[in-house]
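Student: Quick check, what structure comes out for this input:
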Amino acid sequence: QVQLVESEGGLVQAGGSLRLSCAASVHTFSRYAMGWFRRAPGKDPDVVAAISGSGGSTYYADSVKGRFTTSRDNAKNTVYLQMNSLKPEDTAVYYCNARGSAWFLNYWGQGTQVTVSS
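Tutor: Predicted coordinates for the structure are as follows:
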């Protein structure tokens with residue numbers, strides 16, 4: 001069982017920055033691809049960014065490219081999401097996700113609220 005603990009989100013003005021972190025309680029953290037998802041009010045969840053186990057490969061949704069950066073520190077079992085140039089439409093509950101090689105190795109953080117004011 002993998003537990004994922006996310007840092008607190010917060011309230012930030014448009015144009016501001018915020019960094020989220022997600023710490024995993026697992027001995028084989030580097031074997032998990034990590035992702036960030038968000039659920040905006042009244043909308044379906046969307047993937048925001050993802051990073052491979054080694055950190056050598058990343059993916060970003062078009063809506064956040066150039067503004068968000070995900071990274072990981074496998075020595076600390078932690079993944080990060082640096083969010084810059086935030087927009088009101090980035091307001092959502094953000095979740096981190098750990099996905100292993102088998103279909104049942106799929107874990108979620110508790111979610112953290114990010115609110116961007118205009």
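
Student: can we go C-alpha only for contacts and neighbour counts from here?
Tutor: Noted.

Student: OK, contacts around residue 110?
Tutor: Neighbour list for residue 110: 4-6, 95 [criterion: Cα atoms under 8 Å, 6 or more residues apart in numbering].

Student: And the pLDDT for the residue nearest to residue 61 when sequence neighbours are not counted?
Tutor: Closest residue to residue 61 apart from its sequence neighbours, by Cα to Cα, 6 or more residues apart in numbering: residue 48 at 5.2 Å. You'll see residue 48 listed with a pLDDT of 98.

Student: tell me what the helix or strand harbouring residue 48 is packed against?
Tutor: Secondary structure assignment for residue 48, by DSSP states H and E: strand 46-51. Counting contacts by 3 or more Cα pairs under 8 Å, 6 or more residues apart in numbering; DSSP states H and E, strand 46-51 packs against strand 33-39, strand 58-60, strand 68-73.

Student: quick one: that strand to strand 68-73, angle?
Tutor: For strand 46-51 against strand 68-73, the angle by axes from the mean of the first three to the mean of the last three Cα atoms, to 10 degrees is 40 degrees.

Student: Enumerate the positions of strand 46-51 that are buried.
Tutor: By 16 or more other Cα atoms under 10 Å, the buried positions in strand 46-51 come out as 47-51.

Student: Dump the contacts of residue 110 to TSV, plus pLDDT, distance to residue 109 and secondary structure.
Tutor: Output for those, formatted as TSV (pLDDT from 0 to 100; distance: Cα to Cα, whole Å; DSSP: H, G, I helix; E, B strand; the rest coil):
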residue	pLDDT	distance to residue 109	secondary structure
4	96	5	strand
5	96	6	strand
6	97	6	strand
95	97	6	strand
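
Student: related to what we said a few turns ago, using PDB, write out every CA atom in the strand holding residue 48.
Tutor: The C-alpha trace of strand 46-51 is given here as PDB (Å, rounded to 0.1, in the frame of the first residue of the first chain):
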ATOM      1  CA  ASP A  46      -8.000  16.300 -15.900                       C
ATOM      2  CA  VAL A  47      -4.400  15.200 -16.000                       C
ATOM      3  CA  VAL A  48      -2.200  18.200 -15.500                       C
ATOM      4  CA  ALA A  49       1.300  16.700 -15.600                       C
ATOM      5  CA  ALA A  50       3.200  13.400 -15.200                       C
ATOM      6  CA  ILE A  51       6.700  12.300 -14.700                       C
END
